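# Return a 3D structure for these sequence lines:
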Amino acid sequence: MAHSTDPVIDKIVVARVGLLLRHPFFGNMATRMKLIDASDWLPTAATDFRNFYFNREFFEKMTPRQVEFVVAHEILHCVFDHMMRNEGRDKQIWNIAADYCVNGILKRDRIGDDPPVKFFHDRKYDNWSAEQVYDEIFNKYDEEQLSQLGQLLDQHLDPEGNGKDGQAPQYSKEELKKIRDEIKEAMIQSASAAGAGNVPGEIARMIKEMTEPKMDWREMLRMQIQSLVKNDFSFSRPNRKGQMTGAILPGSNFDTSIDVCVALDMSGSISDAMGADFLGEVKGIMQEFKDFNVKIWCFDTKVYNEQDYDSYNGEEIDEYEIMGGGGTEFDCNWDYMKEHDFNLRSLSCSQTGILGAHGVTKTTAILSLLFTAMILLFRRLVHMPTTIWKLHQHNVIAR
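Reported below is the predicted structural model:
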């Protein structure tokens, strides 16, 4: 391969080699991108992961170590899918929120040197998701105040195309899907090449999620409900596990009625489509019982629109009005249940939800599923004493 005579391209190549030596995950990811001079439409830097677009004047002002920071910055935007997670939010504020997240990781892990501009960084937002940062700065700052906090290190490419005279790349839905798949494959390969301990913890958890076998959240939801409504044993339904030992053991009977509460997380990171999908699944499960009562409410930082349904009006669950859209405060559910005298008998916690049962005159169950932005899967269930009323917030994988 011929040596480049372009000093800016040489500087970026040197930065990629530096990342390979000091931060091999980022170095492996960076070498997959083609370098393209986009000075005619781009003021700083940008990437779609296939190509690394740069502005010549912007990069001439930086040292190779500062370029390392910018290159790694672009890679994290790809890894966290910031280009596609906007979901109708204000583009400028979303880009700032995403920059707070990725810059925090780069500063924490000492990747490269600070670029020669005032960029968005605040340790307060460490371990926050981009959605959480967006919710705060959207409500807290106006446009002028945001401009005083810093400036963007890059231009976040719009799937529909942005840039002067439409010169920035545009993508079809099929291309975007291919790019997402390419990023996932590159992440797995780069992490393997980098070796243990050389991948940021957030990314390592994402890769673990990609590579571990998963159970569909609908099946998990069904299993959890049935596990909560066992109430007796009967020899009319022998336990099949006992047959392996030659013994006939009684099996579990399930109630034909169930009393369920559903707390639906409708904070800003959850779309109405996700909420409707979940409600449809709950409705289907409820209809498997001869008699049911289900209490539904939405929450973000407070509880909204509590409604009751039973076997007589259960068809109307589809018409439930989803409300919310603010921040996320799980404690409001506990406060609400305590205020209305829910007597929890047991509690199971997971990263994405809580399940439990409360005791009344008949066998009943309370189910409270709390959805996050990216994950619709329950895992690592841990039983906790009912005296624990606080649900500690877990780090969100997707920054």
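# how about the helices in the stretch 251-399 of the chain?
272-286, 331-339 (DSSP state H, counting those that start in this stretch).
# pLDDT weak spots in the protein?
Applying pLDDT under 70 to the chain flags residues 1-4, 159-166, 213-259, 269, 342-399.
# Walk me through the domains of it.
Residue ranges for the domains of the chain, per automatic domain parsing: 7-208, 217-384.
# which of those domains sits most buried?
domain 7-208 (a mean of 18; mean count of other CB atoms under 10 Å). (C-beta placed from N, C-alpha, C; glycine too.)
# That one: how far from the chain's middle?
Mean C-alpha position of domain 7-208 versus that of the full chain (CA atoms, centre = their mean, to the nearest Å) differs by 18 Å.
# that older thread, export the helices of the stretch 251-399 of the chain to CSV and append columns for distance to residue 46.
Shown next, in CSV, are those (distance: least, CB to CB, whole Å):
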stretch, distance to residue 46
helix 272-286, 29
helix 331-339, 40
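# wait, which of these is closest to residue 195?
Distance to residue 195, taken as CB to CB, is lowest for helix 272-286 among these, at 36.4 Å.
# Please work out which residues outside stretch 91-104 touch it.
With contacts defined as CB atoms under 8 Å, 6 or more residues apart in numbering, stretch 91-104 is touched by 73, 76-77, 80, 82, 86, 119-123, 125-126, 128-131, 133-134, 137-138, 143, 146, 149-150, 152-154, 156, 158, 399.
# hey, C-alpha coordinates of stretch 121-141 in CSV?
What follows is stretch 121-141 as a C-alpha-only set of coordinates in CSV (Å, rounded to 0.1, in the frame of the first residue of the first chain):
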residue,chain,number,x,y,z
HIS,A,121,-18.8,17.1,29.4
ASP,A,122,-20.2,16.9,32.9
ARG,A,123,-19.4,14.1,35.4
LYS,A,124,-23.0,14.5,36.7
TYR,A,125,-24.1,12.6,33.6
ASP,A,126,-21.8,9.6,34.1
ASN,A,127,-23.8,6.4,33.7
TRP,A,128,-26.8,8.2,32.4
SER,A,129,-28.5,7.2,29.1
ALA,A,130,-28.8,9.7,26.3
GLU,A,131,-32.5,9.7,26.8
GLN,A,132,-32.1,10.6,30.5
VAL,A,133,-29.7,13.4,29.7
TYR,A,134,-32.0,14.7,26.9
ASP,A,135,-35.0,14.8,29.3
GLU,A,136,-33.0,16.9,31.8
ILE,A,137,-31.4,19.4,29.4
PHE,A,138,-34.5,19.8,27.3
ASN,A,139,-36.4,21.0,30.3
LYS,A,140,-33.5,22.9,32.0
TYR,A,141,-31.8,25.0,29.3
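# hmm, who's touching it?
With contact meaning CB under 8 Å, 6+ apart, stretch 121-141 is reached by 80, 82, 85, 89-90, 93-94, 96-98, 100-101, 103-104, 107-108, 146, 149-150, 267-269, 326-328, 373, 395-396, 398-399.
# And stretch 56-64, by the same measure?
So stretch 56-64 is contacted by 7-8, 11-12, 14-15, 18, 37, 39, 43-45, 67, 70, 113, 115-116 (CB under 8 Å, 6+ apart).
# Regarding that stretch, how distant is the last residue from the first?
Stretch 56-64 has an end-to-end distance of 14 Å (CA to CA, to the nearest Å).
# Which ones among the contacts of stretch 56-64 lie within strands?
37, 45 (DSSP state E).
# State which helix of this structure is the longest.
Counting by DSSP state H, the longest helix found in the chain is helix 173-194.
# list the helices and strands the helix or strand just after that one packs on?
As assigned by DSSP states H and E, the chain's next helix or strand after helix 173-194 is helix 201-211. Contacts defined by 3 or more CB pairs under 8 Å, 6 or more residues apart in numbering; DSSP states H and E place helix 201-211 against helix 173-194.
# angle of the helix it packs on against helix 201-211?
Taking axes from the mean of the first three to the mean of the last three CA atoms, to 10 degrees, one finds helix 173-194 and helix 201-211 inclined to each other by 110 degrees.
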